[in-house]
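Asker: Predicted model and sequence below, questions to follow.
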Amino acid sequence: MESFYRIAADVALTLHFAYVAFVVGGLLLILAGAARGWGWVRNLWFRGLHLAAILVVAAEAWLDLVCPLTTLENWLRSQAGDATHRAAFIADFVHDALFFDLPPWAFTATYTLFALAVLATFYIAPPRRRPRPSGRG
């Protein structure tokens, strides 16, 4: 059963990494897309989900809440009998890429500034709804 919990913890860590990649990569793609005229970066669903993702992170920081994915990973690792975050090479790499040793205010400021940058993209490259077909035959 320990190996199941270890694998599940690695999956939670990978999901966490994917979430961060969506938030950071999404902003970079929106800015690049605005500069290059990529229409898909103005997709309302994509932009709404992207904004919601960073607002959740910023709210957690302001409210001093631990990320649920971090909590889940830690619980799974404890169920596996792991005392630390050390895991397989890939999991180790992903963990080190996500977690830094900084004071809490630095994370709150970073997440808030990042959320403001994402909000600014709504001015720089506003999302658009796709026009509906007219239905005329």
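Answerer: That came through, no problem. Residues are numbered from 1 along each chain as shown.

Asker: Hmm, residue 64 is touching residue 104, no?
Answerer: Yes: applying C-beta atoms under 8 Å, one finds residue 64 in contact with residue 104, separated by 7.4 Å. All C-beta spots, glycine's among them, are computed from the backbone N, C-alpha and C.

Asker: which ones are touching residue 114?
Answerer: 23, 27, 54, 57-58 (C-beta atoms under 8 Å, 6 or more residues apart in numbering).

Asker: Could you give me the buried positions within whichever strand or helix holds it?
Answerer: Applying DSSP states H and E as the criterion places residue 114 in helix 104-124. Of the residues in helix 104-124, 108, 111-112, 114-115, 118, 121 count as buried by neighbour count, 16 or more other C-beta atoms under 10 Å.

Asker: and the contacts of residue 114, which of them are in strands?
Answerer: The members of the contacts of residue 114 all map outside strands under DSSP state E.

Asker: how about those in a markdown table, adding neighbour count, distance to residue 2 and pLDDT?
Answerer: Formatted as a markdown table, these follow (neighbours: other C-beta atoms under 10 Å; distance: C-beta to C-beta, whole Å; pLDDT from 0 to 100):
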| residue | neighbour count | distance to residue 2 | pLDDT |
| --- | --- | --- | --- |
| 23 | 19 | 32 | 96 |
| 27 | 17 | 38 | 97 |
| 54 | 22 | 35 | 96 |
| 57 | 20 | 31 | 93 |
| 58 | 20 | 36 | 94 |
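
Asker: what's the closest of those to residue 130?
Answerer: residue 27 (22.3 Å; C-beta to C-beta).

Asker: so how far is residue 35 from the closest residue to that closest one other than its chain neighbours?
Answerer: In space, residue 27 comes closest to residue 118 once its chain neighbours are excluded; the distance is 5.8 Å by C-beta to C-beta, 6 or more residues apart in numbering. Separation of residue 118 from residue 35 (C-beta to C-beta, to the nearest Å): 16 Å.
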